[in-house]
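In: Curious how this folds, go ahead:
(one chain, ligands or ions: 1)
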Amino acid sequence: MRLKGEVALVTGGGSGLGRAIVDRYVAEGARVAVLDRSSAGLAKLKEAHGDAVVGVEGDVRFLDSHKQAVASCIEAFGKLDCLVGNAGVWDYITPLVDIPDGQIEDAFDEMFAINVKGYLLAAKAALPALYKSKGRVIFTASNAAFYTSGGGALYTASKHAVVGLIKQLAYEWGPHIRVNGIAPGGIIGTDLRGLKALDLQDRSIATISLKDMLENVIPVGEVATAEQYTGAFVFFATRAETVPLTGSILDFNGGWGVRGLIDANLGAELEKRFSEKGEAA
Ligand SMILES: NC(=O)c1ccc[n+]([C@@H]2O[C@H](COP(=O)([O-])OP(=O)(O)OC[C@H]3O[C@@H](n4cnc5c(N)ncnc54)[C@H](O)[C@@H]3O)[C@@H](O)[C@H]2O)c1
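Out: So this is what the prediction gives:
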């Protein structure tokens, strides 16, 4: 119960990583408001958590949706301690060369409206409540916030922009509010959708085997589930354990940044050395 008595607001909590964060926060003793455009996702949350969760149907591209979510959160739970900006969309690693001239402007606007403006507006709407509670902000970034090839130019640029937003808000809001990010890698079990402007809105990341795609190229050798990512979101939301923490982004993606030129890791070498000495596990 590391979040007993705390109140969080999670955008995109109706599915995937956001849903796992809500489940974990409730299990840790928090009450949670959720802003999501999926009424079905919100209904399932209500079914699972009853009065511990309040759902608000809305679109993260609009300030009014965020204001409504903050107001509902305060009406239901009396305060807001932690904002988790998390709702996002992907570009299915579409290279710039393959985006037709007629779609590029709308695709850019949609990507940045959801992945960047959605976080900026959430922060703007939550600021008065967070100032009052001396609260926390956590933004879900991505491996694409630091490295290439986890997205196309649109997604990678949007997640790099999230890094700038975290740093700037940590500066603007210190010492009152902690602002940090978590940059997950591939996540097993989510429904991440593509851009409508690229006709990818009905495509789900669940149709791709991230296990086959990633487990041989990341040093940890396995792809984590949404639940396995949630521990970091609990830690970043706690008060006592995060006194020195602001403006930081956890590179939480299986070691993408330390993989070798040829091999993902040298685990096979290590196994060979130990088996030569008869010390194999
Ligand atoms: N899935 C991955 O492998 C992966 C990897 C790295 C980072 N991420 C990031 O994790 C976050 C969560 O993604 P996920 O994989 O859990 O996806 P998901 O689609 O399972 O969940 C996203 C939720 O956000 C909601 N949403 C999307 N656009 C919205 C909008 N305009 N307004 C309101 N709600 C909206 C959806 O309805 C959904 O409930 C995103 O920021 C994504 O970029 C995902």
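
In: quick one: the strands in the stretch 101-250 of the chain?
Out: 136-140, 178-184, 249-252 (DSSP state E, counting those that start in this stretch).

In: now the ones you listed in JSON lines, with mean neighbour count and mean pLDDT?
Out: The way it works is simple: take the backbone N, C-alpha and C, and place the C-beta from them, glycine included. Below are those laid out as JSON lines (neighbours: other Cβ atoms under 10 Å; pLDDT from 0 to 100):
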{"stretch": "strand 136-140", "mean neighbour count": "27", "mean pLDDT": "99"}
{"stretch": "strand 178-184", "mean neighbour count": "25", "mean pLDDT": "98"}
{"stretch": "strand 249-252", "mean neighbour count": "18", "mean pLDDT": "98"}
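
In: For the ones you listed, give me JSON lines that also has distance to residue 14.
Out: JSON lines is the format used below for those (distance: least, Cβ to Cβ, whole Å):
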{"stretch": "strand 136-140", "distance to residue 14": "14"}
{"stretch": "strand 178-184", "distance to residue 14": "18"}
{"stretch": "strand 249-252", "distance to residue 14": "22"}
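
In: So which of those strands is nearest residue 265?
Out: strand 249-252 (16.0 Å; Cβ to Cβ).

In: Just want the angle from whichever helix in the chain runs longest to strand 178-184.
Out: Counting residues, the longest helix found in the chain (DSSP state H) is helix 153-173. Interaxial angle, helix 153-173 versus strand 178-184 (axes from the mean of the first three to the mean of the last three Cα atoms, to 10 degrees): 160 degrees.

In: quick one: average pLDDT of helix 153-173?
Out: Helix 153-173 comes out with an average pLDDT of 98.

In: Can you get me a residue count around residue 165?
Out: 20 (other Cβ atoms under 10 Å).

In: Identify the residues contacting it.
Out: If a contact means Cβ atoms under 8 Å, 6 or more residues apart in numbering, then residue 165 has 116, 119-120, 123, 139 as its contacts.

In: if we take the residues you listed, which one ends up nearest to residue 30?
Out: residue 139 (17.9 Å).

In: Which strand residues bridge the closest one?
Out: Beta-bridge pairing for residue 139 (DSSP bridges): residue 85, residue 181.

In: Secondary structure element for residue 9, which one?
Out: Assigned by DSSP states H and E, residue 9 belongs to strand 7-11.

In: avg pLDDT for the helix or strand just after that strand?
Out: Sequence-wise, the next helix or strand beyond strand 7-11 is helix 16-27, with elements assigned using DSSP H and E. If you average the pLDDT over helix 16-27, you get 98.

In: Does anything pack onto helix 16-27? Which helices or strands?
Out: strand 7-11, strand 31-36, helix 39-49, helix 226-237 (3 or more Cβ pairs under 8 Å, 6 or more residues apart in numbering; DSSP states H and E).

In: would you turn these into a markdown table with mean pLDDT, mean neighbour count and distance to residue 68?
Out: Converted to a markdown table, these look like this (pLDDT from 0 to 100; neighbours: other Cβ atoms under 10 Å; distance: least, Cβ to Cβ, whole Å):
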| stretch | mean pLDDT | mean neighbour count | distance to residue 68 |
| --- | --- | --- | --- |
| strand 7-11 | 99 | 28 | 11 |
| strand 31-36 | 99 | 28 | 8 |
| helix 39-49 | 98 | 16 | 13 |
| helix 226-237 | 98 | 20 | 22 |
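
In: need those in JSON lines with distance to the ligand, can you?
Out: JSON lines is the format used below for those (distance: least, Cβ to the nearest ligand atom, whole Å):
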{"stretch": "strand 7-11", "distance to the ligand": "6"}
{"stretch": "strand 31-36", "distance to the ligand": "5"}
{"stretch": "helix 39-49", "distance to the ligand": "5"}
{"stretch": "helix 226-237", "distance to the ligand": "6"}
